[in-house]
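Peer 1: how would this look folded up:
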Amino acid sequence: MAQNFRNYLTRETGATPVDALGGAANSFDTLISVRMANTTTSTITVDCYIKRSTLDYYLIKNAPIVSGGSLELIDGGSKIVLASGDQLYVVSDTATSLDTAIGAVDDIST
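Peer 2: Residues are numbered from 1 along each chain as shown. Got it, this is the predicted structure:
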């Protein structure tokens, strides 16, 4: 069975949360990597969370990333499954400071 590997990139995220997947999951999808990078000259603080309906479920909250550094949220072969309709948001405490790269497998099952 073929897998639908996808990547999602967001650039210069600031203090307004951004839907890093560009819309709600349309089936059961799996996140295989979430890397957040600080593009500024100062330390920033970031959040990454799943929104399901009206509730937020944090993967990480108030995490510092030093200037030029990055944070990998999924490592060691772990994965995060998203249900249909879930959204993944990223946000920083500093304007235009955060780039995010996400790897996912789309349409695991329907």
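Peer 1: so what touches the lowest-mean-pLDDT helix or strand in the chain?
Peer 2: Every helix and strand in the chain was compared by mean pLDDT, DSSP states H and E; the lowest is strand 98-109, with a mean of 85. The list of residues contacting strand 98-109 from outside it, by CB atoms under 8 Å, 6 or more residues apart in numbering, reads 3-14, 18, 20-21, 26-39, 44, 46, 48, 65, 81-82, 88, 90-92. Quick note: C-beta positions are derived from backbone N, CA and C, even for glycine.
Peer 1: can you show me the CA trace of it as CSV?
Peer 2: Taking Å, rounded to 0.1, in the frame of the first residue of the first chain, the C-alpha atoms of strand 98-109 are listed here in CSV:
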residue,chain,number,x,y,z
LEU,A,98,9.6,31.2,13.6
ASP,A,99,10.0,28.8,10.7
THR,A,100,8.4,25.4,10.9
ALA,A,101,8.9,22.2,8.9
ILE,A,102,6.4,19.3,9.3
GLY,A,103,6.6,15.9,7.9
ALA,A,104,3.4,13.8,7.8
VAL,A,105,1.8,10.8,6.3
ASP,A,106,-1.6,11.7,4.8
ASP,A,107,-4.7,9.4,4.6
ILE,A,108,-3.5,6.6,6.9
SER,A,109,-7.1,5.3,6.9
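Peer 1: quick one: strands adjacent to it?
Peer 2: strand 4-13 (antiparallel), strand 28-38 (antiparallel) (DSSP bridges).
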